[in-house]
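[1] Based on what follows, work out the 3D shape:
(one chain, ligands or ions: 1)
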Amino acid sequence: MRVGRYEISTLVDARFAVDGGAMFGVVPRTLWERDFPPDARNRVALASRCLAALDRAAGQVVVVGTGIGGRWDAQRADWLALDRTGGGIETGLAALGVRREDVTDVILTHLHADHAGGVARAGAGGRLELTFPRARHHVQRRAWQLAHAPSEKDEGLFRPDDLELLGHSNLLHLVDGDAQLLPEVELVASEGHTAGLQLPRFRGGGAHLTWCGDVIPTHAHLRPAWVAAYDLLPVTTIEEKKVLLAEALEDDGVLAFEHDPSMAACRLREDEDGHPVFREAVEL
Ligand SMILES: [Zn+2]
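    Numbering: from 1, shown residues only. Presented below is the predicted three-dimensional model:
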């Protein structure tokens, strides 16, 4: 898909699974299991999807999310049913003709390890190094602060070693709230899922694409009340979601899903009551 100057693609870093109840919050299993049949351990299949936006003429490569990465011990990999046989984000970028050194900008929606797990990689001799050694890494200041002082609810979701590596590089750019990050790339700040989440929105040449991160992780979560139990402020997520949906409907914009196992993105239509609902899947 082209949005203004950017050629936009998505790639799957890994496939994994989490507890269906955690993913769908107060929604009864009898409703979500139709689209997301759970396995014997009540887990639903998810993707860890990343986005690449290329402006080849300018040599600019923007990556959104670094994926869940491969650095999980055997027990956690088993819990997550982690499957990285596709080769991960570096393989996905290589298919687009992009080396990790070519990436100029990394936008991290937030710092949970299933989104920022690929910030670092094991380099020569097993030493931890930044996966994208020349990229400016854009993070909301509130997300950065939360990751260094998490609550009991989310303390298991961060990678202190990776954050220290990034914090001591000169590649960290902290952002405060909504921002025009780059020409044709805005950041929309959000608080419902976690403090200081940011959703990149590409807008140019009459096209609009919003990366929905964990605010609308799958197409099933387009329904405003379908909010994951992970969220810190679920009622805030509902309100933020309604704004995202209304804006996408107005622009005939594309909403892209970070965790949907089978659908990278979609467009919306208005239902009989005037509410924005799913219209059609979009390949990215
Ligand atoms: Zn998250």
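
[2] residues from the stretch 51-200 of the chain in reach of the ion?
    Listed as neighbours of the ion in the stretch 51-200 of the chain under the rule CB under 5 Å from the ion: residue 112. Using the backbone N, CA and C atoms, a C-beta is placed for each residue, glycine as well.

[3] Make sure residue 67 is actually in contact with residue 14.
    Yes. Contact criterion CB atoms under 8 Å: residue 67 and residue 14 qualify, at 6.1 Å.

[4] residues touching the residue of the stretch 51-200 of the chain found nearest the ion, list them.
    Nearest to the ion, among the residues of the stretch 51-200 of the chain, is residue 112, at 3.6 Å (CB to the ion). By CB atoms under 8 Å, 6 or more residues apart in numbering, the residues touching residue 112 are 154, 157-158, 194, 214.

[5] Then residue 26?
    225, 227, 229.

[6] Just the buried ones from the residues you listed?
    Burial by neighbour count, judged by 16 or more other CB atoms under 10 Å, picks out residue 227 from these.

[7] how about the contacts of residue 26 in CSV, adding distance to residue 62, pLDDT and secondary structure?
    Below are the contacts of residue 26 laid out as CSV (distance: CB to CB, whole Å; pLDDT from 0 to 100; DSSP: H, G, I helix; E, B strand; the rest coil):
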residue, distance to residue 62, pLDDT, secondary structure
225, 32, 95, coil
227, 28, 98, coil
229, 31, 96, coil
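
[8] Can I get the contacts of residue 26 in JSON lines including distance to the ion?
    Formatted as JSON lines, the contacts of residue 26 follow (distance: CB to the ion, whole Å):
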{"residue": "225", "distance to the ion": "19"}
{"residue": "227", "distance to the ion": "12"}
{"residue": "229", "distance to the ion": "12"}
